[in-house]
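Student: make a model of this:
(one chain, ligands or ions: 1)
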Amino acid sequence: MTFPLQDVLALLKKEVQEYQVPVVDLIAAQTSDPFKILVATLLSARTKDEVTAAASRRLFARAGTVEELARLTVEELEQLIYPVGFYRNKARFLKQLPMVLQERFFGAIPQDIDALVSLPGVGRKTANLVLAVAFGKAAICVDTHVHRIMNIWGVVKTATPLQTEMALRRILPEQSWAEVNSILVAFGQGTCTPVRPHCDRCVVTSWCPRMGVTPRAVQAAGKRMALRRMEEKKFVSWNVNGIRAAMQKGLLEVLRGFDADIVALQEIKAQPEQLPAPLQHIDGYHAFWNPAQKKGYAGTAVLSKRAPLQVWHGLDEPRFDEEGRVLTLEFADFYFINVYTPNAQPELRRLAFKQDFNQALLAHMDRLARVKSLVLCGDLNVAHKEIDLANPKDNIRNPGFSPQERAWMDRIVEAGYIDTFRKFDASPARYTWWSYRFNARAKNIGWRIDYFIVDRASGDRVVEAAIHDEITGSDHCPVSMVFR
Ligand code: SF4
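Tutor: Now for the predicted structure:
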C-alpha cells in the first residue's frame, strides 16, 4: 500500500494543535523579527525546547537587535545562553554574526538559502527553518524528526537529512513544504518519539509500516501492568570518544533527554580531577569513574540514579586494569558491567592482549551470572556477523572483524548470552560506529560494535533494545536497553 502522505499530514496538522508548539514556531508567534527567529533557531540545535526558550528570553532581554548583539562579549554570550547544546561554539558564532551581517548584508537577515548558510553557525536545517518561519518562503526544514519519521513511514529510504530534503522536494507540493517541519517536530516530540514511540495511541497507526521501529509496549489497564512499567529501567551505553569533547558537543543534553536509570560511558579519556564543573556532579546520579593510568586514554564511567550495593574496578589483573576498561556495579537483582574492550590494532598487533582480556572478561561474566541476572554493555570493538558492518568482504582480516575476534563473539553466544539488539531488530545497516574519514557517517558506512548483552536466564527481562544513530557528538552513537 502506498503511504498516503498528504492525507496523513493533513490529519496530523489538526492532531498536533493540541500538542506543545515547537519552540521556533512559538518564538515566531511572539515576534515576526527575522533576527530573533534566526538566533532562536541557531540556539535550538541539539537543545531541548524549554532550554532554548529560556536562553532566548535571557539573550533577547540584553540583545534584541543586531547592534545590541555586537556589543556583547563571547563570555557574556556564553553565560546568557548556557546550558544550550554547544553553547561555547554558539556564543562564538553569535559574536561573529553582527559583523558578517553588516559587512555582507547591510545588517539585514538574507532571504536566500546560499546567503543564509554562509552565516556563522548556520547550517542548511537552520537556513530552511528561517526561510519558512521568518519569511514564509517555500523551504523544507528536515531536522532529525522529519528525517526519522519519513523513513519510518517508508516515504523515503535515505541515510541523511539532506537526502530526505531533496526527496521531499520531489514528492510534496510546494505549498506544504513550510509546515512539514512544525507538524512533525510536534508529532515527533509528542507521539512518534525517537525512543519507544506511542504507536498504541497514534492516529497514523493503520497506515504506518513502522520501518525499523520498536513500539512502546501497549499499555493495558490494570495494576499489574502499571507495576511492571514502574519496574522497568532504562540503560544507555555510549563510547563518547573523550568525555570533555563530548560535553562540548551536547553530552549533558543528550543524557538529560534519555533520563536513563544507568548510563555507561566508554573512552572517557580523562581523570575525574580533569573534568569540567558540569561533569563533576551530574544532578540525580551517583558517578563511578575508572580512568586509565595513562592520561587522555581509554577509561570508563557509570552514572546510576540508584546507589549500587558495591562497585568493582577492573578484572583484578593489573595489565588490563591500568587501562580502566571495566566497571562492575552490583544491584539487588542484577549485575551491571560496563566494558571498553581493547582494539586489536592494525595488523592485529594487539590481538593476543585482546584475546586474554576477552577470556578474563568472560570468566568474570560467568562467575556473576551464576549468582543473579547479568547485564553487560559497552564498546566490544568487534562486529559479530557480516550484517553488522557495511563492508564485510573488505574487512575480513582487519581489527574488529578478524576471524579470531568474531570467534569470541560466537563463544559468548554459545555460552548462552544474548545480543539484545538482534532480539528485536534483524535489519541490516544498523550501525553504532563510523570512521571520521571518507564521510562515512553521512553514507552510513559503519559497524555495529556497541552492545547490550544479558545472560540467557534474563532474556525475558529485556523489554527493548535500540540504537540511537540520530545522536551525534562522538564517532559512536548511544545504544540503549529497557530491562525489568
Ligand atoms: S504508528 Fe508508531 S511508528 Fe508509526 S507514526 Fe505512529 S507512533 Fe510513529
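Student: for the stretch 151-300 of the chain, what lies in contact range of the ligand?
Tutor: With Cβ under 6 Å from any ligand atom as the criterion, the stretch 151-300 of the chain comes near the ligand at residues 152, 191-192, 197-199, 202, 204-205, 208, 210, 213, 215. (Each C-beta comes from the backbone N, C-alpha and C, glycine too.)
Student: now do 5 Å
Tutor: 152, 192, 197, 199, 202, 204-205, 208, 210, 213 (Cβ under 5 Å from any ligand atom).
Student: surely Ala63 meets Leu69?
Tutor: Yes - taking contacts as Cβ atoms under 8 Å, Ala63 lies within contact range of Leu69: 4.1 Å.
Student: drop anything exposed from the residues of the stretch 151-300 of the chain next to the ligand.
Tutor: 152, 192, 197, 199, 202, 204, 208, 210, 213 (16 or more other Cβ atoms under 10 Å).
Student: what is the most widely separated pair among those residues?
Tutor: Using Cβ to Cβ, those span at most 11.7 Å, a distance reached by Val204 and Val213.
Student: just to revisit the earlier point, need the residues of the stretch 151-300 of the chain next to the ligand in TSV with pLDDT and secondary structure, can you?
Tutor: Output for those, formatted as TSV (pLDDT from 0 to 100; DSSP: H, G, I helix; E, B strand; the rest coil):
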residue	pLDDT	secondary structure
Ile152	94	helix
Cys192	90	coil
Pro197	87	coil
Cys199	87	helix
Cys202	85	coil
Val204	88	coil
Thr205	84	coil
Cys208	90	coil
Arg210	90	coil
Val213	84	coil
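Student: tell me the one of these nearest Leu380?
Tutor: Once Cβ to Cβ is applied, the member of those that ends up nearest Leu380 is Val213, at 25.3 Å.
Student: so that closest one sits against Cys202, correct?
Tutor: No - judged on Cβ under 8 Å, Val213 makes no contact with Cys202 at a distance of 10.6 Å.
Student: secondary structure element for Tyr335?
Tutor: Tyr335 is part of strand 334-340, with elements assigned from DSSP states H and E.
Student: by contact count, what packs against that strand?
Tutor: strand 233-239, strand 262-266, strand 300-304, strand 326-330, helix 351-369, strand 373-379 (3 or more Cβ pairs under 8 Å, 6 or more residues apart in numbering; DSSP states H and E).
Student: wait, which of the ones you listed is closest to Pro478?
Tutor: strand 233-239 (4.0 Å).
Student: what's the average pLDDT for the closest one?
Tutor: Mean per-residue pLDDT for strand 233-239: 97.
Student: before we move on, back to that, ok, the strand holding Tyr335: who's next to it in the sheet?
Tutor: strand 326-330 (antiparallel), strand 373-379 (parallel) (DSSP bridges).
Student: may I have it exported as CSV, CA atoms only?
Tutor: Extracted C-alpha coordinates of strand 334-340, given in CSV (Å, rounded to 0.1, in the frame of the first residue of the first chain):
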residue,chain,number,x,y,z
PHE,A,334,21.3,-7.8,38.7
TYR,A,335,25.0,-7.0,38.0
PHE,A,336,25.8,-4.3,35.5
ILE,A,337,29.2,-4.5,33.7
ASN,A,338,30.5,-1.6,31.6
VAL,A,339,33.3,-2.6,29.3
TYR,A,340,35.6,-0.9,26.8
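Student: count the neighbours of His286 for me.
Tutor: 15 (other Cβ atoms under 10 Å).
Student: Thr300 too?
Tutor: 28.
Student: do the same with Asn398
Tutor: The burial count for Asn398: 16, using other Cβ under 10 Å.
Student: that one should be in a strand, yeah?
Tutor: No - Asn398: not assigned to a strand; according to DSSP: H, G, I helix; E, B strand; the rest coil it is coil.
Student: quick check: the nearest residue to it once chain neighbours are set aside vs Asp450, distance?
Tutor: The shortest distance from Asn398 to any non-neighbouring residue, by Cβ to Cβ, 6 or more residues apart in numbering, is to Pro346 (8.0 Å). Pro346 is 21 Å from Asp450, where distance means Cβ to Cβ, to the nearest Å.
Student: more neighbours: which of those two?
Tutor: Neighbours per residue (other Cβ under 10 Å) separate Pro346 from Asp450, with Asp450 holding more: 24 against 9.
Student: who does the more buried one form a beta bridge with?
Tutor: Asp379.
Student: just to revisit the earlier point, using TSV, lay out the helices and strands packed on strand 334-340 together with distance to Thr158.
Tutor: Output for the helices and strands packed on strand 334-340, formatted as TSV (distance: least, Cβ to Cβ, whole Å):
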stretch	distance to Thr158
strand 233-239	24
strand 262-266	29
strand 300-304	34
strand 326-330	38
helix 351-369	36
strand 373-379	27
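Student: so which residues of this protein form strands?
Tutor: Along the chain, the segments classed as strands by DSSP state E run 233-239, 262-266, 286-290, 300-304, 310-313, 326-330, 334-340, 373-379, 418-419, 433-434, 446-447, 450-454, 462-467, 479-483.
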